[in-house]
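> Give me a 3D structure for the following:
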Amino acid sequence: MLRVIDSGNSQPFSWPVDPSAEFMPGMIGQLRILGNNVICGVSDGTAPLGVIDDMKTKSFTQVSISEIVIAGPIPGIPGPSGGFVTPTDVKVELEHAGVVTNSFRSEIDCILIPVNGVIKFLAGTQLNYDSAGTGTPDSIRTIVSYTYYVPNIPGDDTTLSNGKVSMWFQRFLGETDQFDTTQRYPINGNLFVGTDGKFTTKQPGDNYPGVAIVSGTPTSIMGSLQFVWL
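Predicted structure coming up:
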């Protein structure tokens, strides 16, 4: 998803599309040479040019930000460091299945089963939440963020009609759900492009330039990142 909030006088520009590329609106594009032609595909983060405003994908994704997960109540046992822990492995379902594995972040250590959208807390995990209000923790509570595949909706290709992909490459204010959900996004934080062509606050290496700044933080209500493209 890409929403252009304020573009001033800037306009998108179109380049011939990389026939092997797959992308969603809001991902970052980059030019490369194919034979004698200049084509545009997904950026690897080293030479990002602009924000893609087309789609060419076999499946759609969405993000879940700051999703609260509670496993319990659990009959805990005393832990080695005090408090109570779970004596057995405990599984709990996320709100969505089909999780993109490398997009998952949890405040508490757990094991992700991505296809089913299930996380597992291993035996010995500290109970940190009092679900019954007794004053004694009886559950495990964590906050997770991740990207997931939207089920039962096939992809689309908006570049078929003319073989070109449109990109916004001049300064503008926008909003997208194409960002690395494993990172934090403080206001005015610097944005880079990851190797997957999505926004991130983690600079992959010294040769990866900054391209934008955070103007609006993703939340559980609005699972999108607002940015100023520079």
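> Please report phi then psi for residue 103.
Backbone torsions for residue 103, taken as degrees, to the nearest 10, come to phi -100, psi 0.
> residue contacts, it?
For residue 103, the contacting residues are 63, 145-147, 180-182, by Cβ atoms under 8 Å, 6 or more residues apart in numbering. All C-beta atoms are positioned from the backbone trio N, CA, C, and that covers glycine.
> can I get the residues you listed in JSON lines with neighbour count and pLDDT?
Shown next, in JSON lines, are the contacts of residue 103 (neighbours: other Cβ atoms under 10 Å; pLDDT from 0 to 100):
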{"residue": "63", "neighbour count": "22", "pLDDT": "97"}
{"residue": "145", "neighbour count": "22", "pLDDT": "98"}
{"residue": "146", "neighbour count": "27", "pLDDT": "98"}
{"residue": "147", "neighbour count": "25", "pLDDT": "97"}
{"residue": "180", "neighbour count": "22", "pLDDT": "98"}
{"residue": "181", "neighbour count": "24", "pLDDT": "97"}
{"residue": "182", "neighbour count": "16", "pLDDT": "97"}
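> Dump those to JSON lines, plus distance to residue 80 and secondary structure.
Shown next, in JSON lines, are those (distance: Cβ to Cβ, whole Å; DSSP: H, G, I helix; E, B strand; the rest coil):
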{"residue": "63", "distance to residue 80": "37", "secondary structure": "strand"}
{"residue": "145", "distance to residue 80": "30", "secondary structure": "strand"}
{"residue": "146", "distance to residue 80": "31", "secondary structure": "strand"}
{"residue": "147", "distance to residue 80": "36", "secondary structure": "strand"}
{"residue": "180", "distance to residue 80": "35", "secondary structure": "coil"}
{"residue": "181", "distance to residue 80": "33", "secondary structure": "coil"}
{"residue": "182", "distance to residue 80": "30", "secondary structure": "coil"}
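> Confirm residue 102 sits in a helix?
Yes - assessed with DSSP: H, G, I helix; E, B strand; the rest coil, residue 102 lies in a helix.
> Not counting its neighbours along the chain, what's nearest it?
Nearest residue to residue 102 in three dimensions, chain neighbours excluded: residue 182, at 7.5 Å (Cβ to Cβ, 6 or more residues apart in numbering).
> Find the nearest non-adjacent residue to residue 131, please.
residue 139 (4.6 Å).
> can you pull the buried residues of stretch 106-126?
106, 108, 110, 112-114, 117-119, 121, 125-126 (16 or more other Cβ atoms under 10 Å).
> what's the answer for stretch 39-59, then?
By 16+ other Cβ under 10 Å, the buried positions in stretch 39-59 come out as 39-45, 48-57.
> hang on, the earlier thing: now, among the contacts of residue 103, which is nearest to residue 34?
Distance to residue 34 across the contacts of residue 103 (Cβ to Cβ) is lowest for residue 180, with 27.7 Å.
> Please name the nearest non-neighbouring residue to that closest one.
residue 200 (3.9 Å).
> so what pLDDT did residue 132 get?
Looking at residue 132, its pLDDT reads 89.
> What about residue 223, how many residues nearby?
Counted by other Cβ atoms under 10 Å, the residues lying close to residue 223 total 19.
> and it, which of the three is it?
coil.
> Now do the same contact list for it.
Residue 223 touches 62-65, 177, counting by Cβ under 8 Å, 6+ apart.
> Now name the helix or strand holding residue 51.
strand 50-52 (DSSP states H and E).
> Tell me the strands beside that strand, with direction?
Sheet pairing for strand 50-52, assigned by DSSP bridges, gives strand 28-34 (antiparallel), strand 164-168 (antiparallel).
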